[in-house]
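Engineer: Quick one, what's the 3D model for this:
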Amino acid sequence: MDLEQQLLFLFSALGAFNGFFLSIYFAFFSKKKLISNYFLAALLLMLSIRIIKSVFFYFNPNLSEVFIQIGLSACVLIGPFLYLYSKAIVQHNKMNGSWMFHVIPVILIVTILGLVYPYWSYKRLWSGTIVRLIYLQWLIYIVITGICLKDVLKKLVSKNVKIKDLEIWMISIFVGVTIIWIGYNIGSYTSYIVGAFSFSFVFYLLVLFWVFRRKKNFLFFEEHIKYANKKIHNSEAESLQKRLDDIIVEKELFKNSNLKLNDVAGQLNIVPHYLSQFLNDNLNKSFSVFINEYRIEEAKRLLLNPNNKYTTEAIGYECGFNSKSTFFTTFKKITGVTPTKFKNNANP
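Structural biologist: Okay, the predicted model is just below:
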């Protein structure tokens with residue numbers, strides 16, 4: 001191999017081998033023994049087997065046909081483990097034995113298929129019909145996973161709901177596997193190595209993502225659980241909601257442009273992380289979004305008050321915003337229109 005091919009081989013294979021070692025880590029050495037970690041380990045293992053097979057076959061067409069069959073068979077489990085990993089995270093690792101229906105039948109079918117129609121005797125069948133069916137099954141699971149993650153995906157375009165670190169990671173895994181699927185399916189039009197190359201590319205992007213998120217207490221693929229990963233119970237949450245509404249409205253805390261979560265928690269005589277838990281897990285809002293909603297409601301009231309003597313800009317400062325641009329941007333984000341248009345629409 002010349003230097004260019006050596007570099008291509010190194011980059012393509014390195015991601016697969018790293019994925020293989022990571023699968024071992026999540027299966028046996030991860031601190032949290034969560035079912036989602038086992039599904040992630042299995043997903044990485046299946047991807048790594050498939051990629052390693054592709055890399056070695058590309059650079060060595062005389063690769064053992066048994067290894068080729070194993071590599072192709074691994075593809076059948078990529079989709080199921082992607083779906084099961086995503087579902088486990090969405091359901092907070094509370095899953096029953098139904099996950100086996102996505103794995104055991106697939107293993108049995110591909111094993112029987114391999115015994116009855118081995119690759120070395122039916123190369124044309126495997127290279128044609130079987131491979132197309134494998135990629136179709138993979139695509140179906142990508143679609144099912146997308147449906148499973150629909151509420152998480154909606155948060156990407158939502159302006160008022162805070163998306164969590166773990167949810168960003170889930171979406172990254174989902175998009176990464178989709179890119180790898182696309183890489184293999186366009187391989188016949190470009191190069192067979194595209195699928196393997198895309199895996200390494202995606203893998204290292206995700207590693208970079210982890211490095212940057214780690215600075216914010218994001219534990220490798222396991223969200224740092226500050227509150228035992230539980231929502232506050234309904235009765236307790238309703239009581240806190242009422243107390244929170246009363247104190248913010250009565251004392252007009254939102255008018256303080258420098259208001260902090262710690263300040264509000266102090267007014268309620270609760271610890272800050274408890275209030276943060278309520279906002280994030282029960283209301284799905286950040287503290288700034290939550291307070292800005294009060295500010296905008298007050299701004300709307302003043303804009304509609306015929307006796308109001310404030311200018312539109314002054315209303316923003318009166319309601320707790322520290323700049324005109326922040327007020328206008330937040331107002332439009334929450335109401336869909338600018339303050340001026342809101343006022344004109346109310347007084348045609």
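
Engineer: okay, now Ser276: neighbour count?
Structural biologist: Residues lying near Ser276 (other C-beta atoms under 10 Å) number 17. Just so you know, the C-beta spots here come from the backbone N, C-alpha and C atoms, and that holds for glycine as well.

Engineer: Test for you: state the pLDDT assigned to it.
Structural biologist: As predicted, Ser276 sits at a pLDDT of 88.

Engineer: pretty sure it is touching Lys260, no?
Structural biologist: No: between Ser276 and Lys260 there is no contact under C-beta atoms under 8 Å: 11.3 Å.

Engineer: any weak-confidence spans in this structure?
Structural biologist: 1-16, 54-61, 63, 159-162, 187-231, 347-348 (pLDDT under 70).

Engineer: mind listing the helices for the stretch 51-200 of the chain?
Structural biologist: 65-90, 104-116, 123-125, 131-148, 150-157, 165-185, 194-214 (DSSP state H, counting those that start in this stretch).

Engineer: May I see the ones you listed organised as CSV, with distance to Val264 added?
Structural biologist: CSV is the format used below for the helices of the stretch 51-200 of the chain (distance: least, C-beta to C-beta, whole Å):
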stretch, distance to Val264
helix 65-90, 30
helix 104-116, 51
helix 123-125, 66
helix 131-148, 35
helix 150-157, 24
helix 165-185, 23
helix 194-214, 27
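
Engineer: out of those helices, deepest packed?
Structural biologist: helix 65-90 (a mean of 22; mean count of other C-beta atoms under 10 Å).

Engineer: next one: that one to chain centre, how far?
Structural biologist: On the basis of C-alpha atoms, centre = their mean, to the nearest Å, helix 65-90 sits 19 Å off its chain's mean C-alpha point.

Engineer: for it, packing partners?
Structural biologist: Contacts defined by 3 or more C-beta pairs under 8 Å, 6 or more residues apart in numbering; DSSP states H and E place helix 65-90 against helix 35-59, helix 104-116, helix 131-148, helix 165-185.

Engineer: follow-up on the earlier one: of the helices of the stretch 51-200 of the chain, which approaches Ser325 most closely?
Structural biologist: Proximity to Ser325 (C-beta to C-beta) singles out helix 150-157 among the helices of the stretch 51-200 of the chain, at 22.4 Å.

Engineer: Could you figure out how far the closest one is turned away from helix 131-148?
Structural biologist: Inter-element angle recorded for helix 150-157 and helix 131-148: 70 degrees (by axes from the mean of the first three to the mean of the last three C-alpha atoms, to 10 degrees).

Engineer: elements contacting helix 150-157?
Structural biologist: Going by 3+ C-beta pairs under 8 Å, 6+ apart, helix 150-157 lies up against helix 165-185.

Engineer: what packs against the helix it packs on?
Structural biologist: Looks like helix 165-185 contacts helix 35-59, helix 65-90, helix 131-148, helix 150-157, helix 194-214 (3+ C-beta pairs under 8 Å, 6+ apart).

Engineer: and if we set it to 6 Å?
Structural biologist: On a contact count with 3 or more C-beta pairs under 6 Å, 6 or more residues apart in numbering; DSSP states H and E, helix 165-185 meets helix 65-90, helix 131-148, helix 194-214.

Engineer: Identify the nearest residue to Leu240 in space, disregarding sequence-adjacent positions?
Structural biologist: Distances taken as C-beta to C-beta, 6 or more residues apart in numbering place Phe278 nearest to Leu240, at 5.6 Å, with adjacent residues excluded.

Engineer: Surely the one you found is within a helix?
Structural biologist: Yes: remark: Phe278 belongs to a helix, assigned using DSSP: H, G, I helix; E, B strand; the rest coil.

Engineer: Hmm, Glu236 and it touching each other?
Structural biologist: No: checked against C-beta atoms under 6 Å, the pair Phe278 and Glu236 is beyond contact range at 8.9 Å.

Engineer: Looking at these two, which one has more neighbours?
Structural biologist: Phe278 (21 against 12).

Engineer: Tell me the spacing between that one and Lys285.
Structural biologist: 10 Å (C-beta to C-beta, to the nearest Å).

Engineer: rewinding a little: out of the helices of the stretch 51-200 of the chain, the one nearest Pro339 is which?
Structural biologist: helix 150-157 (23.6 Å).

Engineer: quick check: angle from that closest one to helix 65-90?
Structural biologist: Going by the same axes, to 10 degrees, helix 150-157 makes 80 degrees with helix 65-90.

Engineer: quick one, phi psi at Ala27?
Structural biologist: Dihedral pair for Ala27: phi -80, psi -30, per degrees, to the nearest 10.

Engineer: residues in contact with the residue nearest to it when sequence neighbours are not counted?
Structural biologist: Ranked by C-beta to C-beta, 6+ apart and with sequence neighbours excluded, the top spatial neighbour of Ala27 is Ala41, at 3.9 Å. By C-beta atoms under 6 Å, 6 or more residues apart in numbering, Ala41 lies in contact with 23, 26-27.

Engineer: which among the residues you listed gets closest to Thr338?
Structural biologist: Phe26 (49.0 Å).

Engineer: how much space between the nearest residue to Val177 once chain neighbours are set aside and Lys341?
Structural biologist: Leaving aside its sequence neighbours, Val177 sits nearest to Leu82 (C-beta to C-beta, 6+ apart; 5.2 Å). Distance, Leu82 to Lys341, by C-beta to C-beta: 45 Å.

Engineer: Repeat that for His102.
Structural biologist: Taking C-beta to C-beta, one finds His102 at 51 Å from Lys341.
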